[in-house]
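> Take this sequence and fold it.
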Amino acid sequence: MNAWFTKLLDVTALPGAADQICERIVQLTTEGGFSYFCYLRLKGETIDYKTNLPPDWQETFLTKRRILQDPEVIDARRRRVIYSWSQENQLKDSTEPVKSMRSVSKKLGIRSGVTVPIATGFGHQVIFSLYSPSEVRRDVSDTDPVLAATAVAQLHARLEHVRTRTTAARLNAREARCLRWIAEGKSISVVADLEGLSYGGVRFVIQNAKEALGVVSLPQATAAAKELKLI
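Okay, the predicted model is just below:
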């Protein structure tokens, strides 16, 4: 699959928004004999993803984070190199959520795949997978693991760059100020006095900021805002 990952390097080096990048990957996915791709970004308690899997599948297994129970994802989080896999015989002794996921995947024609996990710092990971309708596991023994990891790392960098620009436009002035006060060590009660808001008003502003940043906790929100240079 060296040629495929070389093409992935090429298309992710081209300019464009996230949707354009994903459209190019969909085309590459088809050219490589696969049906679907999934870019899964694991950061703390949150996940971010880009995929061409059906919306219902995304809602059930990605939005609700049930994908984290998938044995393939659990396995990928322990690995650091490209590998291939097959769902054959994996239903035995599986939990009900996993059996449900396997059943839905089977209906979509997912029988096997190739996964490239990479570390992105501070215990965070990206897992990039290609899904195939073939029951035969793809041979990746001749695939350069450095090339595969580099291509996925470049994809991650491009999507992070696009996400940074998008998120920056979504954080309004009040959200930024409240997060900055919190980052400076002020309590919510003190921030309420400083901003002329009620305690509940500050909580509401902070919740909106967390949703805009795609995080679930206040420490994650301040960290993300600092990382994106928004506060």
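> can you list the weak-confidence ranges in this structure?
44-45, 89-94, 97, 164-169 (pLDDT under 70).
> which stretches of it form strands?
36-43, 46-51, 83-86, 112-121, 124-132 (DSSP state E).
> would TSV of these with mean neighbour count be doable?
In this view, the C-beta of every residue, glycine as well, is placed from N, C-alpha and C. TSV is the format used below for these (neighbours: other C-beta atoms under 10 Å):
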stretch	mean neighbour count
strand 36-43	21
strand 46-51	17
strand 83-86	18
strand 112-121	20
strand 124-132	22
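> Need those strands in a markdown table (columns: distance to Asp70).
As requested, those are exported to a markdown table (distance: least, C-beta to C-beta, whole Å):
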| stretch | distance to Asp70 |
| --- | --- |
| strand 36-43 | 10 |
| strand 46-51 | 12 |
| strand 83-86 | 11 |
| strand 112-121 | 11 |
| strand 124-132 | 10 |
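> nearest spatial neighbour of Ser189, skipping sequence neighbours?
Leaving aside its sequence neighbours, Ser189 sits nearest to Tyr199 (C-beta to C-beta, 6 or more residues apart in numbering; 6.0 Å).
> Just want to check the distance between that neighbour and Ala18.
To Ala18, Tyr199 is 37 Å away according to C-beta to C-beta, to the nearest Å.
> In contact with the closest residue to Ala148 other than its chain neighbours, which residues?
For Ala148, ignoring the flanking residues on the chain, the nearest one in space by C-beta to C-beta, 6+ apart is Ile82 at 4.4 Å. Applying C-beta atoms under 8 Å, 6 or more residues apart in numbering to Ile82 gives the contacts 114-116, 140, 143, 145, 148-149.
> and with 7 Å instead?
By C-beta atoms under 7 Å, 6 or more residues apart in numbering, the contact list for Ile82 reads 114, 116, 140, 143, 145, 148.
> Give the burial count for the fifth one, as a bare number.
Meaning Pro145. Using other C-beta atoms under 10 Å, Pro145 has 14 neighbouring residues.
> Burial check on the nearest residue to it once chain neighbours are set aside, number of neighbours?
Leaving aside its sequence neighbours, Pro145 sits nearest to Val81 (C-beta to C-beta, 6+ apart; 4.7 Å). Neighbours of Val81 under the rule other C-beta under 10 Å: 14.
> how about the helix ranked longest in the chain: buried residues?
If you go by DSSP state H, the chain has its longest helix at helix 145-170. For helix 145-170, the neighbour count (16 or more other C-beta atoms under 10 Å) marks 147-156, 158-160, 162-163, 167 as buried.
> swap in stretch 53-69?
By 16+ other C-beta under 10 Å, the buried positions in stretch 53-69 come out as 53, 57-58, 61-62, 67.
> Distance from that stretch to the middle of the chain?
Chain-centre distance of stretch 53-69: 12 Å, with C-alpha atoms, centre = their mean, to the nearest Å.
> Please work out which residues outside it touch it.
The contact list for stretch 53-69, computed with C-beta under 7 Å, 6+ apart, reads 36, 38, 40, 47, 49, 51, 73, 97-98, 101, 104, 108.
> go again using 10 Å as the cut-off
35-38, 40, 42, 45-49, 51-52, 70, 73-74, 77, 94-95, 97-98, 100-101, 104-105, 107-108, 110, 127, 129, 131 (C-beta atoms under 10 Å, 6 or more residues apart in numbering).
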